[in-house]
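Asker: here you go, sequence then predicted model.
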Amino acid sequence: MNQVIDNIKQRRSIRRYTEKQVPRDIINECINSAIYAPSSHNRQPWDFTIITNKKLINELSDSIRAWYKSIAQLSLPLSFIKEVRKSAEEMMKRVKSEKDLFFYQAPCIVITHAPNKRFFAQDCSCAAQNLMLAARSLEVGSCWIGFADIVFNKNNNIKKKLNIPNSHSIMATIALGYPEKFPESALPRREPKKVWIE
Ligand SMILES: Cc1cc2nc3c(=O)[nH]c(=O)nc-3n(C[C@H](O)[C@H](O)[C@H](O)COP(=O)(O)O)c2cc1C
């Protein structure tokens, strides 16, 4: 239809990356696109922490794994509830896997963070979407890692390690990297209920 709409429809969450690092100027271009997102009262609350250090990414992934392992074990007494059991089993599969099923071996992680104030989460989500769309337009794959957001917000030591102010919330953790191949088509979309009021 046009380039913007094509780009929106071609973005997919990528869960397999090659080892090739994303060059710094490309990451900067993605962040420069992120900051053109709308924000409430134009407050532009976002800050970004960019991690390209493989060892640190592995350490963060291990922290996420350890946290979910403890949660899955804690939820065992509630495993008679079907939903709890299913999600604990699902999580244990990720935790036990030899592969990194949290960051998918992505060579770059961009964390969007901001103070925890009204509308800042929405502002940062707009920025994160811009970042992922810009990445796609530059042939870089991305995936929002909500599992990481949860753990990073629970664990002040991780924020400290990453020099993220304690007063900031982690709003969006985005994996970036080059996929071997972009998926051909989008996942099917639910037909939303549309109510026209004329
Ligand atoms: C807030 C949010 C959190 C997400 N967290 C994860 C995650 O932790 N791990 C993951 O593999 N995908 C995660 N995703 C990606 C979704 O699973 C994905 O967007 C959805 O399945 C649709 O696929 P698509 O992005 O390829 O269109 C997340 C997406 C959003 C918006």
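Answerer: Structure received. Numbering: from 1, shown residues only.
Asker: after the helix or strand encompassing S61, next one along is what?
Answerer: Here S61, judged by DSSP states H and E, is contained in helix 54-74. Next along the chain after helix 54-74, taking DSSP H and E as the criterion, comes helix 82-96.
Asker: now that next one, how far from the centre of its chain.
Answerer: Distance of helix 82-96 from the chain centroid (CA atoms, centre = their mean, to the nearest Å) equals 20 Å.
Asker: can you check stretch 132-145 too?
Answerer: Distance of stretch 132-145 from its chain centroid, counting by CA atoms, centre = their mean, is 11 Å.
Asker: do the same with stretch 15-30
Answerer: 14 Å.
Asker: which residues are in contact with it?
Answerer: Defining contact as CB atoms under 8 Å, 6 or more residues apart in numbering, one finds that stretch 15-30 is touched by 50, 52, 104-108, 110, 131, 134-135, 138, 140-141, 143, 175-180. Glycine gets a C-beta too; all of them are placed from N, C-alpha and C.
Asker: about what we covered before: does the helix holding S61 reach the ligand?
Answerer: No. On the criterion CB under 6 Å from any ligand atom, helix 54-74 is out of touch with the ligand, staying 9.2 Å away.
Asker: angle of that helix against helix 82-96?
Answerer: Relative orientation of helix 54-74 versus helix 82-96 (axes from the mean of the first three to the mean of the last three CA atoms, to 10 degrees): 150 degrees.
Asker: helices and strands around helix 54-74, which ones?
Answerer: Other elements packing on helix 54-74 under the criterion 3 or more CB pairs under 8 Å, 6 or more residues apart in numbering; DSSP states H and E are helix 82-96, helix 146-154.
Asker: next one: I31 from W46, what distance?
Answerer: For I31, the distance to W46 (CB to CB, to the nearest Å) stands at 9 Å.
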